[in-house]
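Participant: Structure for this input, please:
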Amino acid sequence: MRVHSRREAFAALALASLVAACADQASTPTAAGPTSTASADRSAGKVQCAADNAGLTLPPGFCALVVADLTLNGAPAAARHLVVTESGDIFVAINAPRNVQPAFGVIGLRDRDGDGRADEQSQFSPNLGGSGLALEDNRLYFGANDRVVRYHLGAGRLTPEGGPEVVVSGLPNTGDHISKDVALGPDNRLYVNLGSATNSCQVQNRVAQSPGIFPCPELPIRAGVWLFDARANNQTQAGGEHYATGYRNLVSLTVNPRNNDVYAVQQGRDMLFENWPQFFTAQQDSAMPAEEMVRITRGSNNGWPYCFFDADFEHKKLLAPEYGGHGHLVAAAAHRPVGLAVGPDGSLYVSDDRGGRIYRIVFRGGGE
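Facilitator: Have a look, this model is predicted:
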């Protein structure tokens, strides 16, 4: 998946739409924040990029460095989505895969000397991890597997003031896809993804030749986007709006600040070759289905589980084999980029939930 990011654009992404498309607590509080001089020193012009660009391959004119290698209990932290404040502080969500909770769910990072590397760190949300983060007016929204909470950050602080407020709770956190991403829109809108419980809504999940269930019973309660009130507390899924459906698992969710459109990236279904070798080769399985980036509108339906998007061979939505389609993964990676955020100077921050690393990519100019 290629992501082209601009400062005003999005720092976390999206996919196609509609069913018809098938036819086609915390650590010790830190002191006050950096002075204005220190904040200025943290601009991209002061950053010391790595000679090898931290192992990243970049276009001409760009360079990169490692902001921090995050660890918890001696192992790389599962760094998911991240946000960057106007002063350049970074907050990173630490995932809780399979509901195994980390020691802390949020890590704050600050670069005090302006070299681009974090030299101060905070930790909060004890024993509650998650994937999603969104920031607005010193309110930090954190998407755990079964709830969304809100922290209040005082000006210039790396730790919140007081404990979390529960915005919505009781969200489904069983099955295949339990991570929650969050995005904030105008008029106090809070968008939350609820991933599917299964790979493709089979009678027997992930079992070869098992047919799909029709209609899929997950669709009324999962595999979609729900809308809540960002300022309210103690909401439930039933009290929210079922905004969009047919989205298997949205690993990134954001709102375009220019026009308030909602975008996301959908993680495509698995096991085409393993479950249906009569229709798909191992090569096809490694290339499809696509991880779709889409614009999500109210009432849209992206077609899961009945179809998937093939970006490599047919270049259109195909009927899933569990539902009669015939179609006319893959080695584990050492790194898995998940979160994107843009800093106040235009730097692009990237999180790695396999290696626990936070990268910073800086534009130096000079490219063609």
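Participant: and residue 108, helix, strand or coil?
Facilitator: Assigned with DSSP: H, G, I helix; E, B strand; the rest coil, residue 108 falls in the strand class.
Participant: what stretches of the stretch 201-350 of the chain score poorly on pLDDT?
Facilitator: 328-334 (pLDDT under 70).
Participant: Which residue ranges of it form helices?
Facilitator: With DSSP state H, counting those that start in this stretch as the criterion, the stretch 201-350 of the chain has helices at 272-275, 282-287.
Participant: Most tightly packed of those?
Facilitator: Scoring these by mean neighbour count under mean count of other Cβ atoms under 10 Å gives helix 272-275 as the most buried, with a mean of 20. Every residue, glycine included, has its C-beta placed from N, CA and C.
Participant: chain center to that helix: distance?
Facilitator: 26 Å (Cα atoms, centre = their mean, to the nearest Å).
Participant: Ok, stretch 102-116 next?
Facilitator: Worked out by Cα atoms, centre = their mean, stretch 102-116 lies 19 Å from the chain centre.
Participant: about what we covered before: of all the helices of the stretch 201-350 of the chain, which lies closest to residue 114?
Facilitator: Of all these, the one in closest proximity to residue 114, counting by Cβ to Cβ, is helix 282-287 (43.0 Å).
Participant: what helices or strands is that closest one leaning on?
Facilitator: Here helix 282-287 touches helix 272-275, going by 3 or more Cβ pairs under 8 Å, 6 or more residues apart in numbering; DSSP states H and E.
Participant: so what does the helix it packs on touch, helix or strand wise?
Facilitator: helix 282-287.
Participant: sorry, back to before: can you say which of the helices of the stretch 201-350 of the chain is nearest to residue 45?
Facilitator: helix 282-287 (40.8 Å).
Participant: Which of the three states applies to residue 98?
Facilitator: helix.
Participant: Residue 64 versus the closest residue to it other than its chain neighbours, what's the distance?
Facilitator: Spatially, and ignoring its direct neighbours in sequence, residue 98 is nearest to residue 178 (7.8 Å; Cβ to Cβ, 6 or more residues apart in numbering). Going from residue 178 to residue 64 by Cβ to Cβ, to the nearest Å gives 31 Å.
Participant: Quick check: beta-bridge partners of the residue nearest to the spatial centre of the chain?
Facilitator: The centroid of the chain falls nearest to residue 252 when counting by Cα atoms, centre = their mean (3.5 Å). Each beta-bridge partner of residue 252 is listed here, defined by DSSP bridges: residue 265.
Participant: cool, and residue 350?
Facilitator: residue 340, residue 359.
Participant: That one and residue 343 touch, don't they?
Facilitator: No. At 11.5 Å, residue 350 does not count as touching residue 343 under the criterion of Cβ atoms under 8 Å.
Participant: shared neighbours of those two, anything?
Facilitator: residue 360 (Cβ atoms under 8 Å, 6 or more residues apart in numbering).
Participant: What distance do you get for residue 88 to residue 110?
Facilitator: Relative to residue 110, and taking Cβ to Cβ, residue 88 is found at 8 Å.
Participant: The residue at the greatest distance from the centre of the chain and residue 337, how far apart?
Facilitator: In terms of distance from the mean C-alpha position of the chain, residue 278 ranks first, at 34.0 Å (Cα atoms, centre = their mean). The spacing between residue 278 and residue 337, counted by Cβ to Cβ, is 34 Å.
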